[in-house]
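In: Sequence and computational prediction follow.
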Amino acid sequence: MNAVNTTVARDDHYNFAYLDESTKRMLRRALLKAVAIPGYQVPFGSREMPLPYGWGTGGIQVTAAIIGTEDVLKVIDQGSDDTTNAINIRRFFGRVTGVRTTESTREATIVQTRHRIPETPLREGQIMVYQVPIPEPLRWLEPSETETRTMHALAEYGGMHVKLYEDIAQHGHIATTYDYPVIVNGRYMMRPSPIPKFDNPKLDNNPALMLFGAGREKRVYAVPPYTRVKSLDFEDHPFRVEQWDQCCDLCGSTHTYLDEIILDDQGTRRFVCSDTEYCADRQANGHTGPALTVDAEASV
Amino acid sequence: MYVAVKGGERAILNSYRMLDAYRRGDTSIPELSLAQIREQMPLAVSRVMAEGALYDPHLAALAIKQAAGDVLEAVFLLRAYRTTLPRFGYTQPADTARMRLSRRISSTFKDVPGGQILGPTYDYTQRLLDFSLEADGDEAHDEPLLPAEQPVAASMPRVTDLLQHDDLIDQEPIPPGDPAPFDLTRQPLSFPAGRDARLQNLARADEGFLLSMGYSTQRGYGNTHPFAAEIRYGALEVDMFIEELGFAVTIGEIELTECQMVSQFSGNAQEAPKFTRGYGLTFGYGERKAMSMALVDRALKAGELGEAATAPANDHEFVLYHSDNVEASGFVQHLKLPHYVDFQANLELLRHMRDEQTAAQAAEMPHILADEAVSS
């Protein structure tokens, strides 16, 4: 059912994957450094792309630097292959590379994402490319880049623990829900990009390579396969992820990240999987949620 | 069913067509030609070339047409095109003293060698709407001006050169070894940023941003007491050294606007009081931008001169990280993209915390009621 595989004719007015080869090489060097120093933000000579800054130019440049003719690309935004920005980026790569694109997480060799990690577990050899708006985890504590780079050099991360502690003192909880800071390989503090903290545990010890690109801020960073990624917490306030009282309305899943959909102005709402491909896959395998059960009953 | 996001591709393709129709407007009105834009909107073309960092009036006109007159969108189009261009090499440094001048003024001296040339300027127009332009009346205007009695000198020294001769202004010697300048389009900005990187950033910076930052220094946020020593606008030949020939050849002519501000520096234990420079340069005719750039350039020098440097315009990171309108426009407008995953995460936390607060209040409520009963 899913996996709408498409190949678009390549527009050969542009170099393969749009960027010229020397720019790709510059990017690959930066990425190699990023892999060698997990979680460290490597500055790179970010280029203007034909999509706006803040709309995934970092991720697009990373994908452009690593993609080859044999790759199969999946692009998601908010977990979905069908959001306009994901479609636009997929169309862009279709046009400038002609590679096969897919909605299937299993089939993809490269998954470019904004704000989610797919629910389907990743495997060795796959590469996740994250679009990053602000790469610096310490930015809200310290606006100056000169200062934050020094703080990273000295592993001076006490300020973040104080912030989380103040959250607990004030609200009873850590009030960070997405872009939740992590420590990579016991050394660098890293922003996982604005994924919900629900997805943070997926970063830990993941068999896939994780590459992060921030185009406007001109930084790349990486989490190599099987690397420790620890979400910040306290012994008496352990890290916890979002939970829902409801299940997915379509596939009945109780273990996935759910989007809330407002149906009317009377407060009626339903919840569905944010990862649309995973949800569709479950439905194809016979899982049903309350909505489909009700529909089925109504039609009997 | 309620899958809200299907059909996105068709929506995108339809939006292209709607945009084309919106941009074209009423088809009974003749279509704008690129030549019309280039010739009749030269200031818009100048701005798009300057901030788009590409000197090409034809492509700038195309960008303006394609962007339906949105100058920032046109700048973005030109920048995105620019990245695909190969780099053949570097031209010889431009000597603005050799400019073929259309305008040259100094506000620091009553008369300067070469004289003051007002040229084409809005400065002393009375800002009254000219209704004669309304009825395609341009052609009806006066006969062309007769040439000036005295030709403009082929080479005209800059006022700052005169000050430099008297040692009244900070020297700007070529750094030892004359190293290749930083290249902002190839290297990420890092701090402390050298003046080469700063000037490149400011030359591409948004005019509105520089205008406001420059203005802020005049109103007391980092006072620099500036004087416009010289503003000049004109055309300049661009030379390139050709290895195979062993000499430089002229490859074209570009229009430039240059502004040099001077401001007082009170000196310190090592240095006598002197004037310091602020420098502004833009492609085309962009006087407001060049002046603003010069003010901000000077403000960014404050730290190096040992001044207080506490105002926003003195803060290198603040100015240089926020000056680029392609970056700023993209990031501000990315808020249009879906954020519902993060919003859902916030919503979950908010509901959780509100439930806890309600529960806590409910637990306290009996005591409050009891207290009220006692007090009444």
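Out: Cool, the structure landed. Residues are numbered from 1 along each chain as shown, chains lettered A, B, ... in the order given.
In: Which positions in stretch A:39-58 come out as buried?
Out: Residues A:39-58 are the ones in stretch A:39-58 that count as buried (16 or more other C-beta atoms under 10 Å in any protein chain shown). C-beta here means a position set from N, CA and C on the backbone, and glycine is covered the same way.
In: ok, and does it reach over to chain B?
Out: Yes: on the criterion C-beta under 8 Å from any C-beta of the partner chain, stretch A:39-58 is in touch with chain B at A:43-50, A:52-55, A:57.
In: Span of that stretch from start to end?
Out: Using C-alpha to C-alpha, to the nearest Å, the end-to-end distance of stretch A:39-58 comes out at 16 Å.
In: ok, back up a step: from the buried residues of stretch A:39-58, which land in strands?
Out: Per DSSP state E, strands hold the following members of those: A:42-43.
In: Which ones among the buried residues of stretch A:39-58 map onto helices?
Out: The members of the buried residues of stretch A:39-58 that map onto helices under DSSP state H are A:57-58.
In: Put the alpha carbons of stretch A:131-138 into PDB.
Out: C-alpha atoms of stretch A:131-138 as PDB (Å, rounded to 0.1, in the frame of the first residue of the first chain):
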ATOM      1  CA  GLN A 131      17.100  20.000   9.600                       C
ATOM      2  CA  VAL A 132      18.300  22.200  12.400                       C
ATOM      3  CA  PRO A 133      17.100  25.800  13.000                       C
ATOM      4  CA  ILE A 134      19.400  26.700  16.000                       C
ATOM      5  CA  PRO A 135      22.200  24.300  16.600                       C
ATOM      6  CA  GLU A 136      23.500  25.800  19.800                       C
ATOM      7  CA  PRO A 137      22.000  24.100  23.000                       C
ATOM      8  CA  LEU A 138      23.200  26.900  25.200                       C
END
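In: Greatest separation within the residues of stretch A:39-58 next to chain B: which pair is it?
Out: A:43 and A:50 (22.6 Å; C-beta to C-beta).
In: just the residues of the stretch 51-200 of chain B that are near chain A, which are they?
Out: Counting by C-beta under 8 Å from any C-beta, the stretch 51-200 of chain B comes close to chain A at B:76, B:79-80, B:82-84, B:86, B:185-192.
In: now the longest helix along chain A: mean pLDDT?
Out: Across chain A, the longest stretch assigned as helix under DSSP H is helix A:21-36. Averaging pLDDT along helix A:21-36 gives 96.
In: start to end distance for stretch B:29-41?
Out: With C-alpha to C-alpha as the measure, stretch B:29-41 spans 18 Å from end to end.
In: mind listing the helices for the chain?
Out: All of this is about chain A. Secondary structure of chain A by DSSP H: the helices cover A:21-36, A:57-66, A:84-97, A:145-153, A:158-171, A:200-203, A:276-284, A:290-299.
In: switch to chain B, that's the one I care about
Out: Going by DSSP H, chain B shows helices at B:8-24, B:34-40, B:42-52, B:57-66, B:71-82, B:159-165, B:195-204, B:207-218, B:287-300, B:316-322, B:325-333, B:340-375.
In: I'd like these as TSV, with mean neighbour count appended.
Out: Conversion of the helices of chain B to TSV gives the following (neighbours: other C-beta atoms under 10 Å in any protein chain shown):
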stretch	mean neighbour count
helix B:8-24	12
helix B:34-40	15
helix B:42-52	24
helix B:57-66	22
helix B:71-82	22
helix B:159-165	18
helix B:195-204	20
helix B:207-218	19
helix B:287-300	27
helix B:316-322	19
helix B:325-333	19
helix B:340-375	13
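In: Can you tell me the strand partners of the longest strand along chain B and which way each runs?
Out: Counting residues, the longest strand in chain B under DSSP E turns out to be strand B:247-265. Using DSSP bridges, strand B:247-265 pairs in its sheet with strand B:226-242 (antiparallel), strand B:274-283 (antiparallel).
In: for these, which one sits closest to residue B:69?
Out: With C-beta to C-beta as the measure, strand B:274-283 is the member of those nearest residue B:69 (19.2 Å).
In: possible to save the helices of chain B as a markdown table with mean pLDDT and distance to residue A:285?
Out: A markdown table is the format used below for the helices of chain B (pLDDT from 0 to 100; distance: least, C-beta to C-beta, whole Å):
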| stretch | mean pLDDT | distance to residue A:285 |
| --- | --- | --- |
| helix B:8-24 | 93 | 25 |
| helix B:34-40 | 97 | 57 |
| helix B:42-52 | 98 | 52 |
| helix B:57-66 | 98 | 48 |
| helix B:71-82 | 96 | 43 |
| helix B:159-165 | 83 | 76 |
| helix B:195-204 | 97 | 53 |
| helix B:207-218 | 96 | 54 |
| helix B:287-300 | 97 | 61 |
| helix B:316-322 | 97 | 49 |
| helix B:325-333 | 96 | 40 |
| helix B:340-375 | 78 | 24 |
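In: For residue B:206, see how far away residue B:328 is.
Out: 7 Å (C-beta to C-beta, to the nearest Å).
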